[in-house]
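Colleague: make a model of this:
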Amino acid sequence: MTTDTKLKVSQGAIATADGEIRIFGTCKGAGMIGPQLGPPHATMLVYLFTDLAVEAVDARALMAACGRT
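Modeller: Numbers count the residues shown, from 1 in each chain. Sure, this is the predicted structure:
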């Protein structure tokens with residue numbers, strides 16, 4: 001975790017008529033990639049994993065609809 005003080009992970013599951021969909025996410029602050037960015041910018045690496053069969057373009061549209069890009 002280097003300088004992070006807390007592990008940043010989350011997971012969940014959604015029951016659907018076709019079965020359960022699972023999602024797991026984790027992130028890591030990465031200030032050393034661009035330490036001179038300063039406020040209001042931050043560098044963070046985020047990884048999402050799911051067993052949902054979805055095309056990348058549709059996943060991006062879902063994230064945008066949630067205010068996440």
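
Colleague: okay, the residue lying farthest from the centre of the chain: pLDDT?
Modeller: Most distant from the centre of the chain: residue 17, at 25.3 Å, with distances by CA atoms, centre = their mean. Note on residue 17: pLDDT of 93.

Colleague: let me see the ranges of the strands in the protein.
Modeller: Under the criterion DSSP state E, the chain contains strands at 9-16, 19-29, 44-50.

Colleague: check which residues of the first one are buried.
Modeller: The one in question is strand 9-16. Neighbour counts over strand 9-16 (16 or more other CB atoms under 10 Å) mark no residue as buried. Glycine gets a C-beta too; all of them are placed from N, C-alpha and C.

Colleague: now do that strand: distance to the chain's middle.
Modeller: Here strand 9-16 is found 13 Å from its chain centre; the criterion is CA atoms, centre = their mean, to the nearest Å.

Colleague: picking up where we left off before, JSON lines please, covering the strands of the chain and showing distance to residue 67.
Modeller: Shown next, in JSON lines, are the strands of the chain (distance: least, CB to CB, whole Å):
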{"stretch": "strand 9-16", "distance to residue 67": "17"}
{"stretch": "strand 19-29", "distance to residue 67": "15"}
{"stretch": "strand 44-50", "distance to residue 67": "14"}
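
Colleague: quick check, pLDDT for residue 3.
Modeller: pLDDT, read off for residue 3, is 65.

Colleague: returning to that earlier point: can you report phi and psi for the residue farthest from the centre of the chain?
Modeller: phi -60, psi -30 (degrees, to the nearest 10).
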